[in-house]
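Peer 1: Any chance you can model this:
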Amino acid sequence: MLDANWPDSWRSAFRIELRAEAIGLAWRGWPVLPGATPAPITGEGDDLTWRRPVPVRDDWRELVGTHAHEVATWFSARTHSLLVATGTVVDAIEVDDELGKRAARLLRALGHPAPIVAMPNGRWLFLTTPADHIPAELAEQASVQWHGAGSYIPLPPSPFQHGVVHWRVKPEVCGWQLPDPAEVHDVLMRALADEHAPLLVETTAA
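Peer 2: As a prediction, the model looks like this:
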């Protein structure tokens, strides 16, 4: 994403956007963290070791709750990915693209919007208030990952190797009121059941 051939003005504008988003979230009480970014593409091929943004500091847990003024300084000097620690203000359920689309359609049909993030690697994040656990039906799915206490997620416009993280549904749509986790978990389980329905029919027919 961070192409070495970008004009300095583009890099500066992108850094300003990241900084603005980080400050805005921090002022709302979200635990913002500075994350690593992929190395610039120099024409020698992609960095195959890159997977997703991670905190730039090993002591990131001690940074949770840092004031917005300090957050601003993190994003002033250089470009960082925008991370948010989970487990205190926000949790997230990470799913694959197909399950994400099904669940998003169900939430829309029910009239219960929830902030949804899409990553360039085809993964979706459904944001909720913190939960103590997730249902076993979700936990046992290899494609589902719960980001609760001790974890973190990237938020827009964090750079990936081939694109940027973006909102599918912005928090403004629900007035910055994160949904109850049980509500989103239920929708994800319904979407998962719909996804497996054709397999059940085929198995029964056989």
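
Peer 1: Can you show me the CA trace of stretch 154-166 as PDB?
Peer 2: Only the C-alpha atoms of stretch 154-166 are listed here, as PDB (Å, rounded to 0.1, in the frame of the first residue of the first chain):
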ATOM      1  CA  PRO A 154      -6.900  -2.300  12.900                       C
ATOM      2  CA  LEU A 155      -9.300   0.400  12.000                       C
ATOM      3  CA  PRO A 156      -9.700   2.600   8.900                       C
ATOM      4  CA  PRO A 157      -7.700   3.900   7.100                       C
ATOM      5  CA  SER A 158      -4.800   1.600   8.300                       C
ATOM      6  CA  PRO A 159      -2.700   0.400   5.400                       C
ATOM      7  CA  PHE A 160      -2.200  -3.200   4.400                       C
ATOM      8  CA  GLN A 161       0.100  -4.500   1.700                       C
ATOM      9  CA  HIS A 162      -2.600  -4.300  -1.000                       C
ATOM     10  CA  GLY A 163      -5.000  -1.600   0.100                       C
ATOM     11  CA  VAL A 164      -6.400   0.000   3.200                       C
ATOM     12  CA  VAL A 165      -8.800  -1.000   6.000                       C
ATOM     13  CA  HIS A 166     -12.200   0.600   5.300                       C
END
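
Peer 1: what are the ranges of the helices in the chain?
Peer 2: Using DSSP state H, the helices of the chain run over 8-27, 68-74, 97-110, 136-139, 181-205.

Peer 1: Need the ones you listed in CSV (columns: mean neighbour count).
Peer 2: Yep, even glycine has a C-beta here, placed from its N, CA and C like the rest. Shown next, in CSV, are the helices of the chain (neighbours: other C-beta atoms under 10 Å):
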stretch, mean neighbour count
helix 8-27, 16
helix 68-74, 16
helix 97-110, 17
helix 136-139, 13
helix 181-205, 15
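
Peer 1: and residue 124, which of the ones you listed is closest to it?
Peer 2: Residue 124 lies closest to helix 97-110 among the helices of the chain, at 3.1 Å (C-beta to C-beta).

Peer 1: what is the rounded mean pLDDT of the closest one?
Peer 2: Averaged across helix 97-110, the pLDDT comes to 94.

Peer 1: Can you say which of the helices of the chain is nearest to residue 51?
Peer 2: helix 97-110 (16.7 Å).

Peer 1: CA atoms of that closest one as CSV?
Peer 2: Taking Å, rounded to 0.1, in the frame of the first residue of the first chain, the C-alpha atoms of helix 97-110 are listed here in CSV:
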residue,chain,number,x,y,z
ASP,A,97,-15.9,-12.5,3.6
GLU,A,98,-18.9,-14.9,2.9
LEU,A,99,-20.1,-15.0,6.5
GLY,A,100,-19.5,-11.2,6.8
LYS,A,101,-21.8,-10.5,3.8
ARG,A,102,-24.6,-12.8,5.2
ALA,A,103,-24.5,-11.2,8.6
ALA,A,104,-24.4,-7.7,7.3
ARG,A,105,-27.5,-8.4,5.2
LEU,A,106,-29.3,-9.8,8.2
LEU,A,107,-28.4,-6.8,10.4
ARG,A,108,-29.6,-4.5,7.7
ALA,A,109,-32.9,-6.4,7.3
LEU,A,110,-33.5,-6.4,11.1
